[in-house]
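[1] here are the coordinates; sequence isn't available:
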Ligand SMILES: Cc1cc2nc3c(=O)[nH]c(=O)nc-3n(C[C@H](O)[C@H](O)[C@H](O)COP(=O)(O)OP(=O)(O)OC[C@H]3O[C@@H](n4cnc5c(N)ncnc54)[C@H](O)[C@@H]3O)c2cc1C
């Protein structure tokens, strides 16, 4: 046990969640986690694990014991290769994605899909349903083959699709509400290179081609776009496994990203904060300044972009076919209200999956993410977008900002009652509960 501090305050990356845990502990072994959980269960305490604090929602916040498991970060074993070259790999649950990507590369392996950043822990990322993009791709939790965790009695248990499958469902994507994950077994694919093509295109053209089998959404392995409010331009990003883009050095790409996505972007955001009325003009100039580029690199380097400009975010998963009306409604709300929104709206895609609490459960999905610079007001914008997305059967990302509660989330997920039942059976005392899990799943005690 490295440290124990009775007054160590916690806050997340975005500064949108704060907590004053009764105790903060850094535990380096599963046995210590089990001992701590047993002791807290006996005294009726509460335990939460903080991953990397990259959720915008107060998912990890607690006034009980806050655990950091950064030292549970080892590669535990690598299984034999399956016919398609994939292998099962077990890692400590506290490992950060960037460290995991490095370890996997050393084994000639990779995760088949990733989100925008690699700062998260694997346990934190899967617990909130973190996803990347790709109309035929699924989120990170779908790559979880098995979990090892400490349950509410302090026992170490293992679960997978065959063995304790209900518990597995909630353990791999359930906000840490059924136990403390100590290790995760992932299905990994042979390491691969991605060819990336980024280019600005007319938004209307992108939206018209959504259903086209050879269009950008279905004709690329991974496709996403960013549209700047007040403009008709979409910055499109397409990543493919068999492309022929030239290799771009990490150094060159990071200069581009640092100057354009971070340095200059910070300046334009500050300008819009100082003079909000300038936002439409600034966005038009920013969108015109976008240029095309192609490059190739190891998959994780292409998926991930450094994000140094602080922002707040809300993201909704909606049925694929609702994307056009939903996006039009958001853009017209911004134009109508003249809201200062210098951040582009991000649109991504995912295949339907079968995970109980996945935002893509049971339906081909489009994700619409709205961001706001941290110095600008966000509440009115996010409320308006949330109302629009609710009108399109939207499901909020569990790790991003939203105002939904258990009673209105229940109709959005066919297996919500199963999730509540398994949570109640696994943790009848609410040892792993916090205000957020009580809000989104309902109180357990
Ligand atoms: C800049 C930025 C970019 C992002 N990009 C994307 C993206 O591209 N796609 C996307 O889907 N999301 C994205 N997110 C959201 C992010 O991936 C999720 O919020 C993720 O959960 C954060 O992981 P974390 O390790 O920081 O976990 P935390 O936010 O610290 O915790 C998340 C949840 O996991 C639980 N948890 C953590 N560890 C354990 C454990 N060992 N056992 C049990 N429960 C545990 C916590 O208690 C909490 O409920 C982004 C966030 C930021 C700030």
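    Noted; the coordinates are in hand. All of these numbers come straight from a predicted model, not from anything done at the bench. Residues are numbered from 1 along each chain as shown.
[2] who are the contact partners of residue 227?
    Residues in contact with residue 227, defined by C-beta atoms under 8 Å, 6 or more residues apart in numbering, are 203, 233-235, 327, 331, 344-345, 347. Heads up, the C-betas are built off the backbone N, CA and C, glycines and all.
[3] what are the bridge partners for it, then?
    For residue 227, the beta-bridge partners under DSSP bridges are residue 234, residue 345.
[4] so what's residue 160 bridging to?
    Going by DSSP bridges, residue 160 forms beta bridges with residue 146.
[5] surely residue 222 meets residue 238?
    Yes. The criterion here is C-beta atoms under 8 Å, and residue 222 meets it with residue 238 at 7.0 Å.
[6] shared neighbours of the two, anything?
    Here residue 222 and residue 238 have no joint contacts, going by C-beta under 8 Å, 6+ apart.
[7] can you classify the residue most central in space within the chain as helix, strand or coil?
    Closest to where the C-alpha atoms of the chain average out (C-alpha atoms, centre = their mean) is residue 130, at 3.0 Å. State at residue 130, reduced to three classes by DSSP: H, G, I helix; E, B strand; the rest coil: coil.
[8] which one of the contacts of residue 227 is nearest to the ligand?
    residue 347 (12.3 Å; C-beta to the nearest ligand atom).
[9] that closest one in helix, strand or coil?
    strand.
[10] now residue 429
    Secondary structure, three-state DSSP: residue 429 is coil.
[11] mind listing what it touches?
    Listed by C-beta under 8 Å, 6+ apart, the contact partners of residue 429 are 41, 44, 152, 444-445.
[12] tell me the pLDDT of it.
    The model reports residue 429 with a pLDDT of 96.
[13] what's the answer for residue 265, then?
    At residue 265, pLDDT is 82.
[14] and it, how far is that from the ligand?
    13 Å (C-beta to the nearest ligand atom, to the nearest Å).
[15] against residue 309, how distant is that residue?
    5 Å (C-beta to C-beta, to the nearest Å).
[16] do residue 128 as well
    22 Å.
[17] what are the ranges of the helices in the stretch 1-150 of the chain?
    30-42, 97-106, 122-127 (DSSP state H, counting those that start in this stretch).
[18] near the ligand, which residues of the stretch 1-150 of the chain are found?
    Neighbours of the ligand within the stretch 1-150 of the chain, by C-beta under 6 Å from any ligand atom: 13-14, 48-55, 59-60, 69, 93, 115-117, 120-121, 123-125, 127-128, 130-131.
[19] hmm, try it at 5 Å
    Listed as neighbours of the ligand in the stretch 1-150 of the chain under the rule C-beta under 5 Å from any ligand atom: 13, 48-55, 59-60, 93, 115-117, 120-121, 123-125, 127-128, 130-131.
[20] what's the residue in the stretch 251-400 of the chain that the ligand sits nearest to in contact with, if anything?
    Relative to the ligand, the nearest point of the stretch 251-400 of the chain is residue 399 (2.5 Å; C-beta to the nearest ligand atom). Residues near residue 399 by C-beta under 8 Å, 6+ apart: 54-57, 59, 124, 128-130.
[21] cool, and residue 100?
    91, 111, 122.
[22] just among the residues you listed, which is most surrounded?
    Within the contacts of residue 100, neighbour counts (other C-beta atoms under 10 Å) peak at residue 122, which reaches 27 neighbours.
[23] would you check that that residue makes contact with residue 95?
    Yes. Contact status for residue 122 versus residue 95: in contact at 5.5 Å, counting by C-beta under 8 Å.
[24] with neighbour count, pLDDT and distance to residue 73 added, can I get the contacts of residue 227 in TSV?
    Putting these into TSV (neighbours: other C-beta atoms under 10 Å; pLDDT from 0 to 100; distance: C-beta to C-beta, whole Å) gives the following:
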residue	neighbour count	pLDDT	distance to residue 73
203	22	96	42
233	22	92	41
234	27	94	38
235	21	93	35
327	20	97	39
331	19	96	42
344	23	92	34
345	20	96	35
347	25	98	33
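[25] the host helix or strand of residue 318: partners in the sheet, and parallel or antiparallel?
    Assessed by DSSP states H and E, residue 318 sits inside strand 311-319. According to DSSP bridges, strand 311-319 forms sheet pairs with strand 365-373 (antiparallel), strand 395-396 (antiparallel).
[26] in CSV, list these along with distance to residue 82.
    Formatted as CSV, the strands paired with strand 311-319 follow (distance: least, C-beta to C-beta, whole Å):
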stretch, distance to residue 82
strand 365-373, 27
strand 395-396, 32
